[in-house]
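Student: Sequence and predicted model, in that order:
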Amino acid sequence: MADLFSSDAPPTANSQRPLADRLRPAALAEVIGQDAVLGPSAPLGAMLSTGRLSSMVLWGPPGVGKTTIARLLASETDLHFVQISAIFSGVAELRKVFAAAAERHRSGGGTLLFVDEIHRFNKAQQDSFLPHMEDGSIVLVGATTENPSFELNAALLSRAQVMVLSRLEDDALSDLAARAEALTEKVLPLSSDARRALIEMADGDGRALLNLIEAVQSWALAEPLDTAGLSARLARRAAQYDKSGDAHYNLISALHKSVRGSDPDAALYWYARMLEGGEDPRYLARRLTRMAVEDIALADPQAQTICLGAWDTFERLGSPEGELALAQAVIYLALAPKSNAGYVAYKAARVAAKKTGSAPPPKHILNAPTGLMKDQGYGSGYAYDHDAEDGFSGQNYFPDGMERPGFYQPVERGFERDLAKRLEYFERLRAKRAQS
């Protein structure tokens, strides 16, 4: 069994190169897991079939082949490949690249300029690409893990297509693992369950998987490892999560919509994902309170109190104990009756307030602390509701001439069922007072 999992053959110069480099595809057809972009009828495939390549931005998580695709695009279109990183490059280097590309263009050649982490360039640096894209001296291929809509300026995006690359699914990662075994002529010394665990450790990142495989293949083992043995030797790859980036907004959106959709299990999952990524629990406490106000509101007035109590508990207990209080708030919110009637009413009232400008309140509800104000009719005709039948006068409290709106429309869920009955009751009384 030992011969199957280890080799006494001396390392060659080629074998000293990282596995990810040795396994780099030699043609676009060999790229794994990106058929939605590279397939014959997909955006890049269709573009290549015409023999013309336009500028683009490759947007996707780490380890899905952005650099490899850019290199292969240059190869398959006979363009000179130039690679720079927005992290390390400045204005001086950009000028050299542009000058060399212009000279190449005058000689009848073309340049594919690959800019890694293009979102790190500021607006002025991004704008510097525009004239060279327009005169054809460069085909720009930018790579980013961040949402281009937020990180790249409109002028650049208007001249480049955005190609969305996906995290590698488990099937694609399994194919990649098989390729690695064929190239190295070493079968991974893992049980079937451990092999699946290795795929999961990569978390959709092909480069991470190949690094893990390289580590596993370096072990001299007499027997295959099970999942426990693998976990003891390897650390799981940290989940992709940037607290100020795209993953942050995607996960909080998933948490919010899971709560709104009354799915406590999904809500807990996304809550846990954010905590595992290092999110500040105070940020989550604030967002949970917002969900209580925006999506539950008066259907369950207790929801806001639950969130504020969980927030206070976290501040008193700290982490990790306080995070349990927030988790319980997540469950409560997900299972609470939902209503955005208050939110809708508030927005409608703001719109109406803008339209009516500075229309004053009707004079009968204005105070009259001076004789002059009394002479002007301030407070005249005001009906004191406590003295009225049923404690309700039914007077108009909107500006004179303004048609009475109906901003708040409670739903037939939770406590708002009771509020709807109260509204109906006062509407009947208002109609009765109007007839009398």
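Tutor: Thanks, I have it. Numbering: from 1, shown residues only.

Student: my guess is residue 133 meets residue 159, correct?
Tutor: Yes. With contacts counted by Cβ atoms under 8 Å, residue 133 reaches residue 159, the gap being 5.3 Å. Quick note: C-beta positions are derived from backbone N, CA and C, even for glycine.

Student: doesn't residue 407 make contact with residue 342?
Tutor: No. Residue 342 is beyond contact range of residue 407, at 9.5 Å (criterion: Cβ under 8 Å).

Student: More neighbours: which of the two?
Tutor: Under the criterion of other Cβ atoms under 10 Å, the comparison of residue 342 against residue 407 puts residue 342 first, with 20 against 15.

Student: The more buried one belongs to a strand, doesn't it?
Tutor: No. Under DSSP: H, G, I helix; E, B strand; the rest coil, residue 342 sits outside any strand and is assigned helix.

Student: what residues are up against it?
Tutor: The contact partners of residue 342, taken as Cβ atoms under 8 Å, 6 or more residues apart in numbering, are 297, 298, 408.

Student: Closest to residue 224 out of these?
Tutor: residue 297 (56.2 Å; Cβ to Cβ).

Student: For that closest one, give its distance to residue 332.
Tutor: 14 Å (Cβ to Cβ, to the nearest Å).

Student: Isn't residue 118 up against residue 86?
Tutor: Yes. The criterion here is Cβ under 8 Å, and residue 118 meets it with residue 86 at 5.4 Å.

Student: which of the two has more neighbours?
Tutor: residue 118 (27 against 20).

Student: pLDDT wise, what is the residue nearest to that one when sequence neighbours are not counted at?
Tutor: Distances taken as Cβ to Cβ, 6 or more residues apart in numbering place residue 142 nearest to residue 118, at 3.4 Å, with adjacent residues excluded. Looking at residue 142, its pLDDT is 96.

Student: Report the buried residues of stretch 262-276.
Tutor: 264, 266, 267, 268, 270, 271, 273, 274, 275 (16 or more other Cβ atoms under 10 Å).

Student: And the helices in the stretch 201-350 of the chain, which stretches?
Tutor: 206-217, 227-233, 246-260, 264-276, 281-291, 302-317, 321-335, 341-356 (DSSP state H, counting those that start in this stretch).

Student: With mean pLDDT and distance to residue 97 as new columns, can the ones you listed be given to me in JSON lines?
Tutor: Below are the helices of the stretch 201-350 of the chain laid out as JSON lines (pLDDT from 0 to 100; distance: least, Cβ to Cβ, whole Å):
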{"stretch": "helix 206-217", "mean pLDDT": "91", "distance to residue 97": "26"}
{"stretch": "helix 227-233", "mean pLDDT": "87", "distance to residue 97": "44"}
{"stretch": "helix 246-260", "mean pLDDT": "88", "distance to residue 97": "27"}
{"stretch": "helix 264-276", "mean pLDDT": "93", "distance to residue 97": "39"}
{"stretch": "helix 281-291", "mean pLDDT": "95", "distance to residue 97": "40"}
{"stretch": "helix 302-317", "mean pLDDT": "96", "distance to residue 97": "50"}
{"stretch": "helix 321-335", "mean pLDDT": "95", "distance to residue 97": "48"}
{"stretch": "helix 341-356", "mean pLDDT": "92", "distance to residue 97": "50"}
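
Student: Can you check which residues contact both of residue 133 and residue 159?
Tutor: residue 55.

Student: which stretches of the protein form strands?
Tutor: 56-59, 80-85, 111-116, 139-144, 161-164 (DSSP state E).

Student: okay, the angle between the third one and strand 139-144?
Tutor: If I follow you right, that is strand 111-116. If you take axes from the mean of the first three to the mean of the last three Cα atoms, to 10 degrees, strand 111-116 sits at 10 degrees to strand 139-144.

Student: go on, the second one?
Tutor: Angle, strand 80-85 to strand 139-144, by the same axes, to 10 degrees: 30 degrees.

Student: which strands and helices sit next to strand 80-85?
Tutor: Applying 3 or more Cβ pairs under 8 Å, 6 or more residues apart in numbering; DSSP states H and E, one finds that strand 80-85 contacts helix 66-76, helix 91-106, strand 111-116.

Student: right, and the ones you listed - which one's nearest residue 336?
Tutor: helix 66-76 (42.5 Å).

Student: any residues touching the closest one, and which ones?
Tutor: 24-28, 31, 34, 38, 44, 48, 53, 58, 60, 79-81, 83, 112, 114, 116, 141, 143, 165.

Student: what does stretch 386-398 give?
Tutor: 361-362, 364-365, 382-385, 404-405, 426, 429-430, 432-434.

Student: how far does it stretch from start to finish?
Tutor: End-to-end distance for stretch 386-398: 20 Å, by Cα to Cα, to the nearest Å.

Student: I'd guessed residue 298 sits against residue 343; true?
Tutor: No. In terms of Cβ under 8 Å, residue 298 does not count as a neighbour of residue 343; the distance is 10.2 Å.

Student: In terms of neighbours, single out the busier of those two.
Tutor: Neighbours per residue, other Cβ under 10 Å: of residue 298 and residue 343, the larger number sits with residue 298, 21 against 13.

Student: How much space separates that one from residue 415?
Tutor: With Cβ to Cβ as the criterion, residue 298 and residue 415 are 6 Å apart.

Student: ok so, going back, which one of the buried residues of stretch 262-276 is nearest to residue 176?
Tutor: Of those, the one sitting nearest to residue 176 (Cβ to Cβ) turns out to be residue 273, at 24.3 Å.

Student: Look up the closest residue to the closest one, ignoring the ones flanking it.
Tutor: Residue 273 sits nearest to residue 251 (Cβ to Cβ, 6+ apart), 5.7 Å away.

Student: got it, and residue 359?
Tutor: residue 399 is the one closest to residue 359 (Cβ to Cβ, 6+ apart), at 3.7 Å.

Student: burial of the one you found, as a residue count?
Tutor: Around residue 399 there are 13 residues (other Cβ under 10 Å).
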